[in-house]
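1. Okay, structure incoming, though there's no sequence with it:
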């Protein structure tokens, strides 16, 4: 079942269960997908393109939670975390930090990077490997740590 079909199926289930939060999150994702299809000339999106939209939504949810926590709005944080959990259900499995670190070490060896001057080349080589499976800031942290040794 494609990701789009899964969203449609879950939308129907959320309607039947009268789950307003899940319904709102799925409708938001579908809206973003529809907008992307319109921008793409009404061409159906692939699962990879839908995964990019979901990754952007995950990042936005994390940023919202951080902002609400800084503002001391615990009432909004709990609702945002609930939405985040729903979106995470559609995201690909995230790599653990140790897996990311292993990929970083492997890529640094492949690229032949030796200093921070090679940072851009390493990031360029790593990001396609971990696309949708690791946050860029986590990858960035490990690359800087490895190159500054």
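-> Happy to help now that I have it. Since the structure is predicted, the reported quantities are computational estimates derived from the model, not experimental observations. Residues are numbered from 1 along each chain as shown.
2. And the residue nearest the centre of the chain, how far from residue 21?
-> Nearest to the centroid of the C-alpha atoms of the chain, with distances taken as Cα atoms, centre = their mean, sits residue 55, at 2.4 Å. To residue 21, residue 55 is 21 Å away according to Cβ to Cβ, to the nearest Å. For glycine as for every other residue, the C-beta is placed from the backbone atoms N, C-alpha and C.
3. swap in residue 64?
-> Distance, residue 64 to residue 21, by Cβ to Cβ: 14 Å.
4. and those two? which has more neighbours close in?
-> Taking other Cβ atoms under 10 Å, residue 64 and residue 21 do not tie; residue 64 has more neighbours (17 against 13).
5. In contact with that one: list those residues for me.
-> residue 80 (Cβ atoms under 8 Å, 6 or more residues apart in numbering).
6. looking at it, the residue nearest to the centre of the chain is touching residue 91, isn't it?
-> Yes - Residue 55 is within contact range of residue 91, at 6.6 Å (criterion: Cβ atoms under 8 Å).
7. Since that was my last question, I'll sign off now.
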